[in-house]
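**Student:** Predicted model and sequence follow; I will ask about them next.
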Amino acid sequence: MNQFICRKCKAIYPLDVPRWKCDCGSILDIEFEPVFDLEEIERRKPTMWRYREAIPIKNDENIVSFDEGFTPIIEVIFHGRPVLIKQDQLFPTGSYKDRGASVLVSKIKELEIKQVVEDSSGNAGCAISAYCAKADIDCNIFVPEDTAPGKLSQIQFYGAKLNKVPGTREDASNAVLKAAQKIYYASHSWNPFFLHGTKTFAFEICEQLGWKSPDTIILPVGNGTLLLGAYIGFNELFNSKIINKIPKIVAVQAINCAPLHTAFKENLKKVPKINKKDTIAEGIAIADPIRGKQIVEAVEKSNGDFIVVDDSEIKESLKEICKKGFYIEPTSAAATAGVSKYLRKSKYHEIIVSVFTGHGLKTTEKMLKL
Ligand SMILES: Cc1ncc(COP(=O)(O)O)c(C=O)c1O
Ligand SMILES: [Zn+2]
């Protein structure tokens, strides 16, 4: 049965009516039966849409795509140890968010919605703007005023309206919620269609490993859209008997903004309110993640862990990675700093996959300061 489901009050809703949250106010998930025909998949173009029957869009004509995805997975040596890194900085808008935007905007087109709002620390706004430009959908992006200029310029060049909100990332979220009372909210954190795009990250990794699951994946986490998508993707492959285990998920947060790490380590029932401090990992500086509890549960169920890294570890890792010929933004280097930390206590033969989530060219001003 394909439908929205609220895990809190158990309400269900059809997928073909515009909606992004439950009437009880809670987040929604999508119940969906994916189909994987491996031979057919392998014959198709190397894009994330090769898993077409596993993506909940009805008609092919509504697909909004730049032939994105199936990014390379490259071995990178960390302190003498090989780690496989998915090159998601190579997406059309320069971050993995295109996975979610391609599916969410396809759904928006399918619903014949002509205008959307979204809030973002930058990259999700870039992705939603680009795909809305392709689909000819009006788009209004709310960002905190200190968003990286490269991301602001991208959003505007795609033709979206930019709303710079004074204050923090949380102030931008509050501002968009008002606008979302009248206009459809193309939210990467609330809207579960976004996660049914980011789940292709897991499909691609398993296919690239010969339809096997890695032992461990290490991901940066703010709102958890990559982590939760990956968790859905690995579970769908596991339930379809294509892989025989779910990898251990290791989530990395910046020590200056780590509410999920605290909830996990202190075994709290709720994600705590924190005193957020500045970090160069702007993309994961999320003090109050909407799907916080879900993220902590996914990490727990996978037998995973949380790691925190500070700004000096992030800067050091960024420089190390760039010296190897990759150019990533500081938020992505939070994950690679987490990889270095994790390796100190990991088993030698573990197959570890991590990711470069965003391109360095988006944050030139920050990079110059370093
Ligand atoms: C480059 C980059 N990496 C990682 C993340 C974290 O993603 P999420 O907030 O969905 O956990 C973001 C989010 O904006 C990002 O821009
Ligand atoms: Zn509900």
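**Tutor:** Now that the structure is in, tell me what you want to look at. Ligands and ions are numbered 1, 2, ... in the order given.
**Student:** Please make it C-alpha for all contacts and neighbour counts, starting now.
**Tutor:** Will do.
**Student:** center of the protein - which residue?
**Tutor:** By C-alpha atoms, centre = their mean, the mean C-alpha position of the chain lies nearest to residue 226, the distance being 2.9 Å.
**Student:** Isn't residue 107 up against residue 59?
**Tutor:** No - Residue 107 is beyond contact range of residue 59, at 9.6 Å (criterion: C-alpha atoms under 8 Å).
**Student:** When those two are compared, which one has more neighbours?
**Tutor:** residue 107 (24 against 10; other C-alpha atoms under 10 Å).
**Student:** For the more buried one, give me its contacts.
**Tutor:** By C-alpha atoms under 8 Å, 6 or more residues apart in numbering, the residues touching residue 107 are 57, 62-63, 193.
**Student:** quick one: residue 354 is in a strand?
**Tutor:** Yes - per DSSP: H, G, I helix; E, B strand; the rest coil, residue 354 lies within a strand segment.
**Student:** Quickly note the distance from it to residue 117.
**Tutor:** 31 Å (C-alpha to C-alpha, to the nearest Å).
**Student:** cool, and residue 51?
**Tutor:** With C-alpha to C-alpha as the criterion, residue 51 and residue 117 are 28 Å apart.
**Student:** Which one's more surrounded, these two?
**Tutor:** Between residue 51 and residue 117, residue 117 has the larger neighbour count (other C-alpha under 10 Å), namely 24 against 20.
**Student:** where does the more buried one land in three-state SS?
**Tutor:** Assignment for residue 117 (three-state DSSP): strand.
**Student:** I figured it hits residue 188, correct?
**Tutor:** No - here residue 117 does not reach residue 188: they are 10.9 Å apart, not a contact under C-alpha under 8 Å.
**Student:** so which of the contacts of residue 107 comes closest to ligand 2?
**Tutor:** The shortest approach to ligand 2 among the contacts of residue 107 belongs to residue 193, at 17.1 Å (C-alpha to the ion).
**Student:** who touches that closest one in this structure?
**Tutor:** Counted by C-alpha under 8 Å, 6+ apart, residue 193 has contacts 30, 56, 100, 103-104, 107.
**Student:** tell me the SS of it?
**Tutor:** helix.
**Student:** Now do the same for it: its pLDDT.
**Tutor:** On the pLDDT scale, residue 193 is placed at 98.
**Student:** distance of it from ligand 1?
**Tutor:** 13 Å (C-alpha to the nearest ligand atom, to the nearest Å).
**Student:** For residue 246, list the residues it contacts.
**Tutor:** Counting by C-alpha under 8 Å, 6+ apart, residue 246 has contacts 213, 215, 234-235, 238, 302.
**Student:** for residue 9, same thing?
**Tutor:** Counted by C-alpha under 8 Å, 6+ apart, residue 9 has contacts residue 24.
**Student:** Wasn't it part of a strand?
**Tutor:** No - per three-state DSSP, residue 9 lies outside any strand segment and is coil.
**Student:** Return the residues of this structure in contact with ligand 1.
**Tutor:** 121, 123, 220-226, 283-284, 331-332, 357-358 (C-alpha under 6 Å from any ligand atom).
**Student:** Would you enumerate the residues in contact with residue 235?
**Tutor:** residue 246.
**Student:** name the element it belongs to?
**Tutor:** Using DSSP states H and E, residue 235 maps to helix 225-239.
**Student:** what does the host helix or strand of residue 300 contact?
**Tutor:** Per DSSP H and E, residue 300 falls inside helix 292-301. Applying C-alpha under 8 Å, 6+ apart, the contact partners of helix 292-301 are 223-224, 227-228, 231, 248-251, 260, 263-264, 269-271, 305-306.
**Student:** Swap in 10 Å and give it another go.
**Tutor:** 27, 221-225, 227-228, 230-232, 246-251, 259-265, 267-272, 286, 289, 303-306 (C-alpha atoms under 10 Å, 6 or more residues apart in numbering).
**Student:** now that helix: mean pLDDT?
**Tutor:** 98.
**Student:** pLDDT at the spatially closest residue to residue 66 that is not a sequence neighbour, what is it?
**Tutor:** For residue 66, ignoring the flanking residues on the chain, the nearest one in space by C-alpha to C-alpha, 6 or more residues apart in numbering is residue 92 at 7.3 Å. In this model, residue 92 is scored at 98, pLDDT.
**Student:** In the stretch 151-300 of the chain, what residue lies closest to ligand 2?
**Tutor:** Ligand 2 sits closest to residue 190 of the stretch 151-300 of the chain, with a gap of 13.1 Å, by C-alpha to the ion.
**Student:** Work out for me the element the nearest residue to residue 163 once chain neighbours are set aside sits within.
**Tutor:** The shortest distance from residue 163 to any non-neighbouring residue, by C-alpha to C-alpha, 6+ apart, is to residue 142 (4.6 Å). Assigned by DSSP H and E, residue 142 belongs to strand 138-144.
**Student:** so that strand versus strand 115-119, what angle?
**Tutor:** 10 degrees (axes from the mean of the first three to the mean of the last three C-alpha atoms, to 10 degrees).
**Student:** Show me what strand 138-144 packs onto, helices and strands only.
**Tutor:** strand 115-119, helix 123-135, helix 149-157, strand 161-165, helix 169-179, strand 184-185 (3 or more C-alpha pairs under 10 Å, 6 or more residues apart in numbering; DSSP states H and E).
**Student:** Make a markdown table out of these and add mean pLDDT and distance to residue 297.
**Tutor:** As requested, the helices and strands packed on strand 138-144 are exported to a markdown table (pLDDT from 0 to 100; distance: least, C-alpha to C-alpha, whole Å):
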| stretch | mean pLDDT | distance to residue 297 |
| --- | --- | --- |
| strand 115-119 | 97 | 25 |
| helix 123-135 | 98 | 24 |
| helix 149-157 | 96 | 32 |
| strand 161-165 | 96 | 32 |
| helix 169-179 | 93 | 23 |
| strand 184-185 | 98 | 26 |
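**Student:** Fine, thanks again, bye for now.
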